[in-house]
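Q: turn this into a structure:
(one chain, ligands or ions: 1)
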Amino acid sequence: MPVHLQIEATRGSARAGKLITPHGEVETPVFMPVGTLASVKGVSQDVLEELDVQILLGNTYHLYLRPSVDTIRQIGGLHRFMSWDRAILTDSGGFQVFSLNDLRKVSEEGVAFRSHLDGSPHFLSPEKAMEAQIGLGADIIMAFDECTEYPADAQRVRASMELTLRWAERCKSYFEEHKHEVPWAHTESAELRSAGRTRASAPMRTRATPAVEATQALFGIVQGGMDPELRRESAVRTIDIGFPGYAIGGLSVGEPRELTRDIVESTLEHLPCNQPRYLMGVGTPEEIAQYAQLGVDMMDCVLPTRAARHGLLFTSEGKVSIKQARYAQDDSALDAGCDCRVCQRYSRAYLRHLYAANELLAQVLNTVHNLHYYLATMRTVRAWIRAGHLPASGVARM
Ligand SMILES: [Zn+2]
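A: You can find the predicted model right below:
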């Protein structure tokens with residue numbers, strides 16, 4: 001298997017374990033920070049390592065436009081390009097393309113769109129999205145799907161789901177024929193050695209070198225709008241096509257949060273227990289903890305990084321808008337319960353000043369704290385799941 005989920009503990013529907021990828025192990029359930037343009041905005045890779053980020057997300061649409069897939073492929077893939085030896089997941093580009101409402105045209109073949117940067121015309125299809133993601137070389141890549149808008153009528157949701165299923169088959173056939181073209185296949189460890197890249201800045205950590213036979217993993221995506229029956233059908237038929245992991249897409253598109261939760265819960269029932277389940281594009285710290293408890297293994301969201309750049313910080317006592325004047329004289333730590341490098345060192349007054357003065361450091365420090373908070377939330381959830389098994393073994397040892 002290109003990736004493999006080892007489930008080591010369960011509690012109710014929740015599971016904790018390890019996702020084994022060609023670029024290392026990822027403790028699950030996991031929150032994946034978003035590095036849209038091969039960068040988590042404002043935070044360098046050594047700091048991401050210090051935060052114990054084990055997997056990052058990159059956006060194919062953005063990288064395809066700038067610097068281009070060819071540029072990254074010729075340098076050896078996204079890992080090497082951005083000097084990140086740990087796991088990476090790329091999306092298919094579909095979500096971004098579908099967000100370009102006035103600049104795109106969908107057909108059976110794919111999506112014609114204009115770049116948001118310069119208006120230049122482009123075309124993405126299932127095959128092209130696979131070609132791009134194989135060229136980028138992430139460990140996990142995503143099928144090219146149509147993200148159904150919300151609200152949408154029943155006929156439209158079904159038609160969209162059927163299109164996504166036809167595209168999923170095309171993605172899989174292209175991927176199976178071309179997966180050996182991944183830039184790091186067979187060569188990465190040798191290349192790294194010959195280039196003398198020591199990666200001395202990386203903390204000591206067992207790093208899995210891609211095995212000779214390692215390939216990327218292509219995940220399927222379940223759609224079906226807000227209809228539990230269509231979600232079930234989409235799950236069953238996507239599983240029939242056969243993927244090493246499954247994502248729940250098409251949520252967080254404007255629907256009420258209770259509905260998101262209901263759809264997630266009902267869709268999870270139809271996904272295989274022994275394979276990774278990825279919920280795309282959610283949520284707040286409370287929500288990611290809830291979804292992990294429902295049995296989701298992987299999540300991503302721009303919220304912690306985007307909110308940080310707007311001075312909105314997540315803390316153990318709720319959200320803090322650091323721009324407020326009330327913090328101007330506040331010498332206390334941002335979050336007394338947080339052991340991140342920002343809370344250990346700087347005061348609310350200083351963070352407020354940096355933000356008010358539009359200092360670059362404000363974005364950096366705010367992002368580091370928010371990412372730490374999200375990652376710590378998932379560490380707590382993992383510990384909670386694993387603690388479910390402790391009493392029994394504890395008794396046995398006594
Ligand atoms: Zn902190």
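Q: would you mind listing what in the stretch 251-398 of the chain touches the ion?
A: Cys338, Cys340, Val342, Cys343, His369 (CB under 5 Å from the ion). Placement of C-beta: from N, CA and C, glycine included.
Q: so the third one is in contact with Leu365, correct?
A: Yes - in this structure, Val342 sits in contact with Leu365. The criterion is CB atoms under 8 Å, and the distance is 4.7 Å.
Q: just to revisit the earlier point, drop anything exposed from the residues of the stretch 251-398 of the chain next to the ion.
A: Neighbour-count burial (16 or more other CB atoms under 10 Å) is assigned, among those, to Cys338, Cys340, Val342, Cys343, His369.
Q: which element is the last one on?
A: If I follow you right, that is His369. helix 360-387 (DSSP states H and E).
Q: show me what that helix is packed against.
A: Counting contacts by 3 or more CB pairs under 8 Å, 6 or more residues apart in numbering; DSSP states H and E, helix 360-387 is packed against strand 4-11, strand 14-21, strand 30-32, helix 285-294, helix 303-309, strand 312-315, helix 348-356.
Q: partner strands of the shortest one, parallel or antiparallel?
A: Put plainly, it is strand 30-32. strand 298-300 (parallel) (DSSP bridges).
Q: shared neighbours, Val342 and Leu365?
A: Leu351 (CB atoms under 8 Å, 6 or more residues apart in numbering).
Q: for Ala87, state which of the buried ones among the residues of the stretch 251-398 of the chain next to the ion is nearest.
A: The closest of these to Ala87 turns out to be Cys340 (CB to CB; 22.1 Å).
Q: from Glu27, how far off is the closest one?
A: Cys340 sits 18 Å away from Glu27, taking CB to CB, to the nearest Å as the criterion.
Q: what do you get for Ala376?
A: 13 Å.
Q: of the two, who's got more company?
A: Per other CB atoms under 10 Å, whichever of Ala376 and Glu27 has more neighbours is Ala376, with 19 against 16.
Q: which regions of the stretch 151-300 of the chain lie under the pLDDT threshold?
A: 186-212 (pLDDT under 70).
Q: how about the helices in it?
A: Under the criterion DSSP state H, counting those that start in this stretch, the stretch 151-300 of the chain contains helices at 154-178, 188-194, 228-241, 257-268, 285-294.
Q: next, format these as TSV and append mean neighbour count.
A: Output for those, formatted as TSV (neighbours: other CB atoms under 10 Å):
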stretch	mean neighbour count
helix 154-178	18
helix 188-194	14
helix 228-241	18
helix 257-268	17
helix 285-294	20
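Q: turn these into a markdown table, columns for distance to Ile55.
A: Shown next, in a markdown table, are the helices of the stretch 151-300 of the chain (distance: least, CB to CB, whole Å):
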| stretch | distance to Ile55 |
| --- | --- |
| helix 154-178 | 20 |
| helix 188-194 | 17 |
| helix 228-241 | 22 |
| helix 257-268 | 20 |
| helix 285-294 | 14 |
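Q: check whether stretch 46-53 comes near the ion.
A: No - using CB under 5 Å from the ion, stretch 46-53 never reaches the ion; the gap is at least 10.5 Å.
Q: what are the buried residues along that stretch?
A: So stretch 46-53, judged by 16+ other CB under 10 Å, has buried residues Val47, Leu48, Glu49, Glu50, Leu51, Val53.
Q: also stretch 114-134?
A: Neighbour-count burial for stretch 114-134 [16+ other CB under 10 Å]: His122, Leu124, Ser125, Pro126, Glu127, Lys128, Ala129, Met130, Glu131, Ala132, Gln133, Ile134.
Q: mean neighbour count, the helices and strands packed on helix 360-387: which tops it?
A: strand 30-32 (a mean of 25; mean count of other CB atoms under 10 Å).
Q: which is the next helix or strand following that one?
A: helix 45-50.
Q: what's the spacing between that next one and its chain's center?
A: 17 Å (CA atoms, centre = their mean, to the nearest Å).
Q: check stretch 250-259 too.
A: On CA atoms, centre = their mean, the centre of stretch 250-259 falls 18 Å from the chain's centre.
Q: repeat that for stretch 250-269.
A: 17 Å.
Q: just the terminal-to-terminal distance for it.
A: 17 Å (CA to CA, to the nearest Å).
Q: then stretch 119-133?
A: 22 Å.
Q: and the residue of the stretch 51-200 of the chain closest to the ion?
A: Leu51 (10.5 Å; CB to the ion).
Q: quick one: contacts for that residue?
A: Counting by CB under 8 Å, 6+ apart, Leu51 touches Val43, Cys340, Val368, Leu371, His372, Leu375.
Q: swap in Gly17?
A: Leu5, Gln6, Ile7, Glu8, Ala9, Glu27, Thr28, Asp297.
Q: now do the buried residues in stretch 328-338.
A: Applying 16+ other CB under 10 Å to stretch 328-338 flags Asp330, Ala333, Leu334, Asp335, Cys338 as buried.
Q: isn't Phe219 right up against Met142?
A: Yes - Phe219 is within contact range of Met142, at 5.5 Å (criterion: CB under 8 Å).
Q: joint contacts of those two?
A: Ala247.
Q: the two - which one has more neighbours?
A: Met142 (30 against 26).
Q: next, count neighbours for Thr284.
A: Thr284 has 17 nearby residues by other CB under 10 Å.
Q: and it, how far from Leu312?
A: For Thr284, the distance to Leu312 - CB to CB - is 11 Å.
Q: let me see the mean pLDDT of stretch 27-42.
A: The average pLDDT within stretch 27-42 is 98.
Q: compute the first-to-last residue distance for it.
A: 24 Å.
Q: so which bits of that stretch are buried?
A: Those would be 27-36, 38, 40-42, for stretch 27-42 by 16+ other CB under 10 Å.
Q: now swap in stretch 270-277 and tell me
A: Neighbour-count burial for stretch 270-277 [16+ other CB under 10 Å]: His270, Leu271, Gln275, Pro276, Arg277.
Q: sorry, back to before: which among the contacts of Gly17 gets closest to Gly249?
A: Asp297 (15.2 Å).
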